[in-house]
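Peer 1: dropping the sequence and predicted coords here.
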Amino acid sequence: MEANVNAGFENEKTGGGGGGGFLSPGDNSEVNSHTYVYEPDKSLRKMTIEALPTAENYQDLKNIAEYRPTLDELMQGKLAEKEEIKEEIDNRKGKVIKFGWIEGVMMRCLLNIWGTMLFLRLTWVVGQAGIWQGLLVITLCNVVTWLSALSMSAISTNGQIAAGGVYYMISRSLGPALGGSIGLMFTMANTISVGTYTVGFATSVSDLLQDAVPGWDGIVDKGCRIAGCRDNDIRIIGGPVLCLFLFIAFAGMDWVTRIQKALLVLLIFAQCDMFAGSFLDLEWGTAYVQKNSAGKVSLLSQDQRHAYGYSGWSMETAKENFNPNWEDSSLQKNPGFFDAFGVFFTAVTGIVAGANLSGDLKDPSYSIPKGTLLSIIFTYVTYMYFALQTGCVFNNRASGIAEEYRYFNKRGIFIDNEGNSKFPDPFNSSAMIKLPKWVDCSPEASAHRDYLKGEALPALDAKYNNTEGWKSLVNEYDKWNTAHAEDGECTFGSGQNQMTMTYISFTGWLRYAGGFSASLSSAIASMVGAPRILQAVGKDAIYPGVAFFEKGYTANNDPWRGYILVFFVAMGFVMVAQLNAIGIIASNFFLAAYALMNLSCFHSSYTNSPGWRPSFKYYNKWVSLFSAVLCVALMFIMEWRYAAGTIGIQAILGSYIYYANPEANWGSSADAQTFMTAMKSTQELTDSPDHVKTYRPKVLVLTGNPAHRPSLVDFANIITKKISLLVCGQVLQDNGPV
């Protein structure tokens with residue numbers, strides 16, 4: 001049987017029944033009998049006479065031009081006509097691209113996390129920090145990103161997410177003072193990352209040219225075969241590479257996605273190559289190449305591969321690499337645990353690659369948590385494995401002299417047929433020329449190599465040069481002290497040389513393909529993400545001048561102006577040309593962003609804001625607070641100068657917002673905190689008895705309209721002195737509609 005409708009409401013609405021609605025004095029028993037009875041077919045509109053909330057009445061005043069009536073006008077029925085607003089017609093052309101959780105989040109995070117550091121700095125971290133501290137560095141980095149991802153997932157599932165990604169999440173939670181400043185800070189962090197990945201790409205290109213091109217000896221920096229002394233070449237290569245990244249960004253989101261699919265395939269093949277190479281130790285060597293002193297290129301031999309530090313899976317190598325071995329290298333001077341942390345942390349900052357493009361996702365609340373957390377798990381497992389593999393198959397220091405490896409295996413030109421040293425020392429007739437072990441990099445062994453290359457071997461060459469079939473001995477040490485330092489040092493091994501992963505892999509070429517694809521994908525993700533964050537900040541119009549970057553082009557609202565700005569700033573960091581130095585700066589900015597992201601999750605949950613109802617339940621407010629404190633602590637431990645500068649800049653930006661007080665009603669947790677603080681203070685005042693020392697008069701003055709009795713208001717103000725409560729009361733006698 002069909003339920004009865006609310007008769008009183010229907011009469012009130014139609015004006016029928018002699019005005020017998022809710023407000024009439026007639027019998028409303030039928031109405032009251034249905035008012036509080038749950039019936040599924042009844043809508044809320046049939047259960048009440050009050051006007052239901054309308055979304056347009058809650059819009060931000062600065063974003064609409066229509067007239068909004070006051071409370072008095074609503075009470076008295078004096079409603080002004082709304083102004084007609086001419087909608088701007090969006091005539092941008094192009095195809096709108098929206099992505100799911102795999103293409104839009106997970107794939108982007110994988111490409112960004114499996115970045116430059118996997119190929120160029122993971123082996124350095126393990127070689128310097130040892131196996132157990134290296135694994136600890138990786139774990140600590142992933143603990144920070146995992147806890148931050150939980151907070152990000154909670155925030156991203158708390159309502160609609162617009163363009164701007166992490167900035168939008170934080171700003172709508174913490175308010176414009178903190179949220180606005182972190183928007184610019186996070187834009188800077190992604191911009192620095194563009195420079196980091198570009199330098200990594202250029203470094204790999206330089207290494208490849210040095211090894212694979214016959215006769216190549218650098219562009220400007222001649223005679224240097226190791227990373228760290230080719231900065232000018234890196235700058236020359238990095239400039240055009242950054243231009244290529246800018247061109248791809250301008251090509252649009254559709255092309256970026258197409259390219260990244262192919263790059264992900266190359267990246268997976270490169271990891272398979274590194275895995276296979278750790279087991280394949282063939283007599284003929286690998287498919288990679290080496291260059292001799294004459295500049296001729298040949299396949300990398302087994303002897304030369306071992307001289308670089310390769311040992312295959314070995315418990316002896318694992319024992320030697322288990323503990324830290326902090327040594328200066330061409331990559332960084334005076335390294336330590338938190339230096340390794342700062343360099344490696346940039347590898348895991350890709351967790352926000354999907355969130356940065358939240359405006360391009362079909363369902364951000366579903367895609368961001370699922371894609372981000374799965375990508376963290378996959379990449380953590382792979383990083384841990386390759387770190388362990390490096391510690392077990394590659395020595396942390398080696399000379400790179402293949403003849404030393406042959407010498408200790410009773411082979412080579414320095415060994416006679418009976419397995420003894422072949423040549424006498426030209427400066428000590430009673431001694432024979434003996435070679436140090438290729439993995440012995442002690443000061444004594446290094447000094448002996450200097451003696452061999454600088455004195456003993458040239459003397460033997462001069463003595464036997466006219467002998468038929470004589471092969472120059474000094475050329476066997478052409479890879480020693482290529483930087484021409486006063487005292488030579490070992491420049492090969494996992495802790496010294498960034499080419500370690502190339503020597504571990506079987507082909508080497510797939511390693512380069514993976515390194516190039518990782519640098520390219522990570523740089524593009526940051527190149528596209530940073531301008532979109534800046535675009536969101538400009539749209540909020542809380543900082544002067546930033547609104548210039550709000551304008552978007554094409555159907556996907558691509559921020560072309562932001563692309564240009566990011567390009568020029570990133571070019572400045574490319575000119576630094578030092579991967580470790582840039583990486584530590586980027587890590588500092590990312591840690592600051594993660595700290596605020598965790599703080600926003602904690603604060604929203606702690607204040608019990610009515611608008612805080614995330615569908616993602618696997619988070620805890622105290623864990624979020626711990627993660628925020630951890631991020632700040634790591635910032636200062638890693639490099640306190642950068643941390644102080646970052647917080648100082650953030651304080652300046654936040655202070656500007658505080659004093660400028662722009663119209664930004666975002667319903668943040670800061671507003672909820674203000675209400676809670678006021679209620680708590682009011683309750684404390686009520687519960688606290690007055691004391692003669694702290695007594696403040698609370699005056700209610702029945703002034704009517706205060707402007708009509710200024711003398712009475714002034715007299716009451718003399719009593720309160722602007723430090724007590726003064727309330728002016730007026731009784732309204734007009735009969736309104738209620």
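Peer 2: Yep, that arrived.

Peer 1: I'd like to know how far the spatially closest residue to N395 that is not a sequence neighbour sits from V623.
Peer 2: In this structure, N395 finds its nearest non-sequential neighbour in G309, 4.2 Å apart by Cβ to Cβ, 6 or more residues apart in numbering. Any C-beta I mention is one placed from the backbone N, CA and C, and that applies to glycine too. Look at G309 and V623: by Cβ to Cβ, to the nearest Å, they are 41 Å apart.

Peer 1: again, but for I524
Peer 2: 33 Å.

Peer 1: more neighbours: the two, which one.
Peer 2: Legend: neighbour count by other Cβ atoms under 10 Å for I524 and V623, higher for I524 (27 against 15).

Peer 1: right, and that one touches F247 too?
Peer 2: No - contact criterion Cβ atoms under 8 Å: I524 and F247 do not qualify, at 10.4 Å.

Peer 1: which ones are touching the residue most central in space within the chain?
Peer 2: Closest residue to the average C-alpha location of the chain: T349 at 3.2 Å, with Cα atoms, centre = their mean. If a contact means Cβ atoms under 8 Å, 6 or more residues apart in numbering, then T349 has N112, T145, A189, S193, A586, S587, F590 as its contacts.

Peer 1: the fourth one belongs to a helix, doesn't it?
Peer 2: So that's S193. Yes - according to DSSP: H, G, I helix; E, B strand; the rest coil, the state of S193 is that of a helix.

Peer 1: any idea how many residues pack against it?
Peer 2: Neighbourhood size, S193 [other Cβ under 10 Å]: 32.

Peer 1: model confidence score at the residue lying closest to it once chain neighbours are set aside, please.
Peer 2: Excluding the flanking residues, the one nearest S193 by Cβ to Cβ, 6+ apart is S526, at 4.2 Å. For S526, the pLDDT comes out at 83.

Peer 1: cool, and D72?
Peer 2: We have a pLDDT of 63 for D72.

Peer 1: what do you get for C229?
Peer 2: C229 carries a pLDDT score of 75 in this model.

Peer 1: gap between it and Q128?
Peer 2: Using Cβ to Cβ, C229 is found at 19 Å from Q128.

Peer 1: just V297 next, same as before
Peer 2: Here V297 is placed at a distance of 30 Å from Q128 (Cβ to Cβ).

Peer 1: can you pick out the residue with more neighbours from the two?
Peer 2: Shown here are V297 and Q128; by other Cβ under 10 Å, Q128 has more neighbours (27 against 14).

Peer 1: mind listing what the more buried one touches?
Peer 2: Q128 neighbours (Cβ under 8 Å, 6+ apart): G134, P324, N325, W326, E327, S329, P335, A340, N396, G495.

Peer 1: switch the cut-off to 6 Å
Peer 2: W326, P335, G495 (Cβ atoms under 6 Å, 6 or more residues apart in numbering).

Peer 1: of those - the most surrounded one?
Peer 2: Among the contacts of Q128, G495 has the most neighbours (other Cβ under 10 Å), with 30 neighbours.

Peer 1: leaving out chain neighbours, which residue sits closest to it?
Peer 2: With sequence-adjacent residues excluded and distances taken as Cβ to Cβ, 6+ apart, G495 is closest to G127, at 2.7 Å.

Peer 1: show me the shaky parts of this protein.
Peer 2: Regions of the chain meeting the criterion pLDDT under 70 cover residues 1-97, 159-166, 228, 252-257, 293, 356-359, 469, 664-670, 735-738.

Peer 1: list the buried residues of stretch 482-502.
Peer 2: In terms of neighbour count (16 or more other Cβ atoms under 10 Å), stretch 482-502 has its buried residues at 488-502.

Peer 1: wasn't C272 part of a helix?
Peer 2: Yes - assessed with three-state DSSP, C272 lies in a helix.

Peer 1: what about it, neighbour count?
Peer 2: Neighbours around C272, by other Cβ under 10 Å: 13.

Peer 1: quick revisit: including distance to P369 and secondary structure, could the contacts of Q128 go into JSON lines?
Peer 2: What follows is those, written out as JSON lines (distance: Cβ to Cβ, whole Å; DSSP: H, G, I helix; E, B strand; the rest coil):
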{"residue": "W326", "distance to P369": "39", "secondary structure": "coil"}
{"residue": "P335", "distance to P369": "36", "secondary structure": "coil"}
{"residue": "G495", "distance to P369": "38", "secondary structure": "coil"}
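
Peer 1: in JSON lines: these, plus distance to E476.
Peer 2: Shown next, in JSON lines, are the contacts of Q128 (distance: Cβ to Cβ, whole Å):
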{"residue": "W326", "distance to E476": "30"}
{"residue": "P335", "distance to E476": "31"}
{"residue": "G495", "distance to E476": "24"}
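
Peer 1: go through these and say which is closest to L726.
Peer 2: Nearest to L726 among the contacts of Q128 is P335, at 65.5 Å by Cβ to Cβ.

Peer 1: roughly how far does the closest one sit from P710?
Peer 2: Relative to P710, P335 is positioned 74 Å away (Cβ to Cβ).

Peer 1: pretty sure L300 is touching W284, no?
Peer 2: No - using Cβ atoms under 6 Å, L300 makes no contact with W284, being 9.6 Å away.

Peer 1: ok, these two, which is more surrounded?
Peer 2: Ranked by neighbour count (other Cβ under 10 Å), L300 and W284 place L300 first, with 21 against 9.

Peer 1: backbone phi and psi for the closest residue to Q730 other than its chain neighbours, please?
Peer 2: Among residues not flanking Q730 along the chain, G704 sits closest, at 5.1 Å (Cβ to Cβ, 6+ apart). Phi and psi for G704, reported as degrees, to the nearest 10, are phi 70, psi -140.

Peer 1: how much space separates G704 from I719?
Peer 2: 19 Å.
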